[in-house]
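**Q** Provided below for reference: sequence and predicted model.
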Amino acid sequence: MPFRFVHTADLHLDSPLRSLALKNPELAELVRGATRTALARIVDLCLAENVDALLLAGDLYDGSQTSMNTALYLAGELRRLEAAGVKVFVIRGNHDSQSAIKRELTLPANVHLFSGRAKPVLAKILENGRQVHIHGVGFDNPHAPDSLLPSFQAPIADAVNIGMLHTSLAGSRGHDPYAPCSVAELAGHGFDYWALGHVHLRQVHCEKPLIVMPGMPQGRDINEAGPKTVTLVTVGDDGSLEHQERAIGQAVFERVTIDLTGVRDWRQMLDKAAETLSSLRSRTVADHLILRFSLTGATPLAWKLRRDPDFLLAEISNVAAGLSGCWIEKIDIDCRGEQGAGTSSGPDPVEELAALIRSDVLPSHAFRQEAGAMLDELLRQLPRELHEALASDEAAAARLVETIAAAGSDDVLAYLHGGDGEAAR
C-alpha cells in the first residue's frame, strides 16, 4: 500500500472577524464558524480517503485571541483521526507562538508536535520495505528572521523524506518575513516533499522535489478571496509522488466588477447584476459565495447609485437572495456621469463642477497638503496597529488621502445633483 497524506496549513481557527460581513448578522455567524467547518471537512477528507497522516504546517491558532474552547474543538477533531488510526504531524507557526493555550492542552496520542530540533519520525514502512520519514521544525517565537533550514537533518538514505516548514520563502506580499529561504535551497536539501505553510495562496513551487505551499483552507475576508483547498499526496513504493488539490472552504470570497457603461435605468442595472450573480454562483462549488461588487463605467445612473448606497445594497442583496448561498458583502461605486451630459437648458452644472474638482482641486498641492495634515492629526489619535494598517508609510498615507478625497467629493456631488427620483428606481 502507498503512503497517503493530506497537507494543509494556516487554519487560523476562530480567527476574529475582520470582514464587512459583520454588518449582516446571519452572514457574520457563517463567517465566524467557517474555520471550524474547514477543520471538520479536512478530517472528513482524511477519513474518506483512508489516508495514513494529516500534516498541519503551522498557524492552527490565530494568536493571542485563541480561547481554550478553540483548543478543545481542535482536540476533538484530532480524536476522530486517532480513532481511525490516522497520524497527525504538527509544526507551530508564527501565530501559534502567540497563543497562550498552546502549552495547556494535551493533544491525542496520534499527534506528533515537532519541537525546535528536527528529529525525523518514522511514518510508515511501504510494502517493499522502504521507509517514510517526516522531518519538522517548530519555532516558538512570532519572529524568525533567519532560515530554519540548517536545523534539519540530512535526508535518510534509501527512504522517502518529507519536510515540514513554516516559511515566507523569499518573501510574499502581505506576509511578514518568517524563516526565509529560497526554493532552490529547499530543493538542494535532498528531501522528496516539502510541506510548507505561512503564505495563504496555494502554489506548487517545484515538481521534483515536490514543494507545495497549500494555501489556507478557508478565507476569512475579501483579501483572502478565491477557492481554498488542501493537498492530497500519494507516495508510491518506488518513491514517486502524486498530488491533488481538494476543495475545502465552506465559503468563498470573490470580487466582481460590473461595467455599467451605457446602462440608463435602474431595472437594466439590476438585470445586469442578476446575470453576473447567476453566472458566478453556477461556477462556484463552495456552499456559500460572498461577493464584493464594484460598479464602474460612465452612466447617467452614477449620481443616483452614490446618493443612496444603502438602498442599492438592499436591492442587489435581494437579487442575491434568490440564489442559494449567495451574499453581498459590500458594493463599491466607481461610476462616472456621461461626458457631455446635460439638460435642455444647457450643460449639467454638477458635471461641470465635478470635472473642475477632479482636474484642479484634488490634484493641487495646497489641497493635498491640507488634507494630509488633517489625516496625520487623525492617525495620531488611533492605536498603533490601526495606524499602521491604514497608513504604514508616507506613500500609503498619500494614497489614503487621494482615495478619501475622491470618494468624499463624489458623495457631496451626488447630493448636489438632487434626488429627482424619475428613473433611478
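**A** Structure's in. What do you need? Numbering: from 1, shown residues only.
**Q** How many residues are close by residue 329?
**A** The number of residues packed near residue 329 is 23, by other Cβ atoms under 10 Å. Heads up, the C-betas are built off the backbone N, CA and C, glycines and all.
**Q** can you pull the pLDDT of it?
**A** With respect to pLDDT, residue 329 has a value of 90.
**Q** The helix or strand that contains it pairs with which strands?
**A** Using DSSP states H and E, residue 329 sits within strand 326-336. In the sheet, strand 326-336 lines up against strand 288-298 (parallel) (DSSP bridges).
**Q** Show the contacting residues for the residue positioned nearest the centre of the chain.
**A** Closest residue to the average C-alpha location of the chain: residue 224 at 1.7 Å, with Cα atoms, centre = their mean. Neighbour list for residue 224: 200, 216, 253 [criterion: Cβ atoms under 8 Å, 6 or more residues apart in numbering].
**Q** Dump those to JSON lines, plus distance to residue 235.
**A** As requested, the contacts of residue 224 are exported to JSON lines (distance: Cβ to Cβ, whole Å):
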{"residue": "200", "distance to residue 235": "26"}
{"residue": "216", "distance to residue 235": "24"}
{"residue": "253", "distance to residue 235": "33"}
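**Q** Just the endpoints, please. Distance across stretch 42-53?
**A** Terminal residues of stretch 42-53 lie 12 Å apart, using Cα to Cα, to the nearest Å.
**Q** which residues are contacting that stretch?
**A** Residues contacting stretch 42-53 (Cβ under 8 Å, 6+ apart): 3-6, 8, 54, 77-78, 80-81, 84, 86-89, 123-124, 134, 217, 230, 232, 246, 248.
**Q** so how far is it from its chain's centroid?
**A** Relative to the mean C-alpha coordinate of its chain, stretch 42-53 is positioned 24 Å out (Cα atoms, centre = their mean, to the nearest Å).
**Q** Can you show me the helices along the protein?
**A** With helices called from DSSP state H, the chain shows them at 25-32, 34-48, 68-83, 183-189, 266-283, 302-307, 309-321, 349-356, 365-380, 384-390, 394-416.
**Q** mind saving the C-alpha coords of the third one as PDB?
**A** What it means is helix 68-83. Coordinates of the C-alpha atoms in helix 68-83 are reproduced here as PDB (Å, rounded to 0.1, in the frame of the first residue of the first chain):
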ATOM      1  CA  MET A  68      -9.400  27.200  25.500                       C
ATOM      2  CA  ASN A  69     -12.700  26.400  23.700                       C
ATOM      3  CA  THR A  70     -10.800  26.700  20.400                       C
ATOM      4  CA  ALA A  71      -8.200  24.200  21.600                       C
ATOM      5  CA  LEU A  72     -10.800  21.800  22.800                       C
ATOM      6  CA  TYR A  73     -12.500  21.800  19.500                       C
ATOM      7  CA  LEU A  74      -9.200  21.100  17.700                       C
ATOM      8  CA  ALA A  75      -8.500  18.200  20.100                       C
ATOM      9  CA  GLY A  76     -12.000  16.800  19.500                       C
ATOM     10  CA  GLU A  77     -11.400  16.700  15.700                       C
ATOM     11  CA  LEU A  78      -8.000  15.200  16.100                       C
ATOM     12  CA  ARG A  79      -9.500  12.400  18.300                       C
ATOM     13  CA  ARG A  80     -11.700  11.500  15.300                       C
ATOM     14  CA  LEU A  81      -8.500  10.800  13.400                       C
ATOM     15  CA  GLU A  82      -7.000   8.900  16.300                       C
ATOM     16  CA  ALA A  83     -10.000   6.600  16.400                       C
END
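**Q** picking up where we left off before, what's the most buried one of the helices of the chain?
**A** helix 302-307 (a mean of 23; mean count of other Cβ atoms under 10 Å).
**Q** Going by contacts, tell me the helices and strands next to that helix.
**A** Using 3 or more Cβ pairs under 8 Å, 6 or more residues apart in numbering; DSSP states H and E, the elements in contact with helix 302-307 are strand 326-336, helix 394-416.
**Q** Now do the same for residue 335: its pLDDT.
**A** With respect to pLDDT, residue 335 scores 88.
**Q** Kindly report the same for residue 61.
**A** We have a pLDDT of 83 for residue 61.
**Q** wait, it sits on residue 69?
**A** No. Contact criterion Cβ atoms under 8 Å: residue 61 and residue 69 do not qualify, at 11.9 Å.
**Q** what's the closest non-adjacent residue to residue 57?
**A** For residue 57, ignoring the flanking residues on the chain, the nearest one in space by Cβ to Cβ, 6 or more residues apart in numbering is residue 197 at 3.2 Å.
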